[in-house]
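**Student:** Show me the folded form of this:
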Amino acid sequence: MVTREYNYLNFFTYLKSRVVRRIPLSRELQEKLSIRFLDKAKKYVPDDTEQIINFQENPEYKPDKEQVFVLEEFDLPNTIESALLTPTAVPPLQEREYNTIRAVFCGRYSKDNSIVIFTNFDSRNIISKGGHKHLLMHSKETFTEFKNDVIVLDERVDCFYLAGSLYFKSKTNAKKIFGETIAEYYREASEDEIKEFAMSVFGNQEIPDSFLNSRTNRLIFGALSNIDSIDLENLVEVARNEFNLNLEFTDDKRFIKVPKDKKTFRRLLMLLNDDLLESPLTNTKYETNSKRRIS
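**Tutor:** Numbering: from 1, shown residues only. Purely as a prediction, here's the structure:
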């Protein structure tokens, strides 16, 4: 949580090219926006740590309204870090760059107490002149035409970087800002990783192409992180006895035969990802893609 007294924040835009531009503000407006955004940030991270969800362990979880994801030890892009360290060295935003803005961010950066607040930005945040549209500005009881395009800054927190951790409520919004840096935590297995998984579990058998899709490839990527510690004999026993999965060993007993149907294959992957659960009260079996670790 933000505990320091209010300080002025510097405001920037993060462009689609990953270049940073400074938003020069009047002192009065900078103070006003700093206070308002810091107020929003103070309320963004719940005081109850049970409401903070580790994204790496639960990338498919859908947070409730009061919950927030966290990515610990998150590395800010170098261009953002540099801008916060030396804001006056950052070139100011130009009107021709409005359509390339992916996010607006503000903050202060230090080793001990870094605070960065991110807000998504798209074409709806630009009010353009031209054509049959005229931007009228009222001043001293007279309307004059505004000569430039206008950008609208939403007073909203989409991502919040605090002391090395990134907090966000929507992975979609986080991905809009940080792109593949976020996607890496829930990405799909590559072709080589699928082969690596198959060799570890199925030996020389190939996984049918019809079994593979975005969902199964994400599950394969998740399973790879602990596949070396899995006892295949124990896996088959649990699959058969606890979840009624008809798994069989190869003739040499070293690997599992590739399941004959796609449904069993998917459930095997879910078991490897701890996505098959049993209620301790009713013994009912569940599939889940929105789990939280509690122990």
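**Student:** Going by the annotation, which residue ranges form each domain of the chain?
**Tutor:** 10-186, 191-287 (automatic domain parsing).
**Student:** mean confidence for the longest one?
**Tutor:** Yep, that's domain 10-186 we're talking about. Average pLDDT, domain 10-186: 90.
**Student:** if we can go back for a sec, adding mean neighbour count, write the domains of the chain out as a markdown table.
**Tutor:** Where you see a C-beta, it was placed from the backbone N, CA and C, and this is true even at glycine. Below are those laid out as a markdown table (neighbours: other Cβ atoms under 10 Å):
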| stretch | mean neighbour count |
| --- | --- |
| domain 10-186 | 15 |
| domain 191-287 | 15 |
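**Student:** for the stretch 151-295 of the chain, which spans come out with low pLDDT?
**Tutor:** Applying pLDDT under 70 to the stretch 151-295 of the chain flags the ranges 276-295.
**Student:** check contacts around the closest residue to Pro24 other than its chain neighbours.
**Tutor:** Nearest non-adjacent residue to Pro24, counting by Cβ to Cβ, 6 or more residues apart in numbering: Pro92, 5.2 Å away. By Cβ atoms under 8 Å, 6 or more residues apart in numbering, Pro92 lies in contact with Arg21, Arg22, Ile23, Pro24.
**Student:** Return the closest of the residues you listed with respect to Arg254.
**Tutor:** Arg21 (57.8 Å; Cβ to Cβ).
**Student:** what bridges to that closest one?
**Tutor:** With DSSP bridges applied, the residues forming beta bridges to Arg21 are Thr13.
**Student:** you'd agree it is up against Asn10?
**Tutor:** No. Judged on Cβ atoms under 8 Å, Arg21 makes no contact with Asn10 at a distance of 11.8 Å.
**Student:** where exactly do the helices run in the stretch 151-295 of the chain?
**Tutor:** For the stretch 151-295 of the chain, the helices defined by DSSP state H, counting those that start in this stretch occupy 171-178, 180-183, 191-202, 214-224, 232-243, 262-272.
**Student:** quick one, the fifth one and helix 262-272 angle?
**Tutor:** Helix 232-243 and helix 262-272 are oriented at 110 degrees to each other (axes from the mean of the first three to the mean of the last three Cα atoms, to 10 degrees).
**Student:** Then the third one?
**Tutor:** Between helix 191-202 and helix 262-272, the angle comes out at 90 degrees (the same axes, to 10 degrees).
**Student:** roughly how far is helix 191-202 from the heart of the chain?
**Tutor:** 26 Å (Cα atoms, centre = their mean, to the nearest Å).
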